[in-house]
Every structure is written in C-alpha cells, then in structure tokens.
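Visitor: no FASTA, just this:
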C-alpha cells in the first residue's frame, strides 16, 4: 500500500513501539501458558508483577491501530477492484 509508520495513536507512534507490544504479548503468553520451563523452573520470577490495566491500555492502542489498517486495506482493495472492473468495461 506504500504506507509509512507514522501514527498519532498514543503508545504505538512508531513501529518500534508496536514491536515492543507484540514482544510483551509473546512473553506474557508464553509465561502464562507454560508456567514452568522444561527444566521445571518457574517461567517468571517469584516476585513477578503484572499491571493488567497498563497492559490493556497498550494493547487497546495496538488493536485500534490494526483495526484502522484493516479498514484502510479494505478500502484500498475496493478501489483497486472497482478500477479493474471499470477498465474491463472500457475494453469491451
């Protein structure tokens, strides 16, 4: 689509911000899915602290951004499909 990664969405203004959120999701998902390592050790430290509300706020920002991207992709697809259809009509 030729898009650049510049957003005004707080928390995901850069691609680096977005990657950090995805990395955090991956780490947390692994820790909660597999509470122990293959060596029988806990996946997180004994004093593990997790701010659910803070994480949800970050996640919500990323989801809003992705939702906007999906809408943009749908509109781009519709425009390309309409243009292709119009070209076919002109050729006939």
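Guide: That came in fine, so what should we check first? Only a predicted model underlies this, so the values are computations on that prediction, with no experimental measurement involved.

Visitor: quick one: the helix or strand hosting residue 24 to chain centroid distance?
Guide: Taking DSSP states H and E as the criterion, residue 24 maps to helix 15-33. On the basis of C-alpha atoms, centre = their mean, to the nearest Å, helix 15-33 sits 10 Å off its chain's mean C-alpha point.

Visitor: same deal with stretch 73-86?
Guide: Between the mean C-alpha position of stretch 73-86 and that of its chain there is a distance of 24 Å (C-alpha atoms, centre = their mean).

Visitor: contacts for stretch 11-27?
Guide: Applying C-beta atoms under 8 Å, 6 or more residues apart in numbering, the contact partners of stretch 11-27 are 5-7, 55, 57-59, 61-62, 65. Where you see a C-beta, it was placed from the backbone N, CA and C, and this is true even at glycine.

Visitor: and the residues you listed as a markdown table, adding pLDDT and secondary structure?
Guide: As requested, the contacts of stretch 11-27 are exported to a markdown table (pLDDT from 0 to 100; DSSP: H, G, I helix; E, B strand; the rest coil):
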| residue | pLDDT | secondary structure |
| --- | --- | --- |
| 5 | 79 | coil |
| 6 | 78 | coil |
| 7 | 82 | coil |
| 55 | 86 | helix |
| 57 | 87 | helix |
| 58 | 85 | helix |
| 59 | 89 | helix |
| 61 | 87 | helix |
| 62 | 88 | helix |
| 65 | 87 | helix |
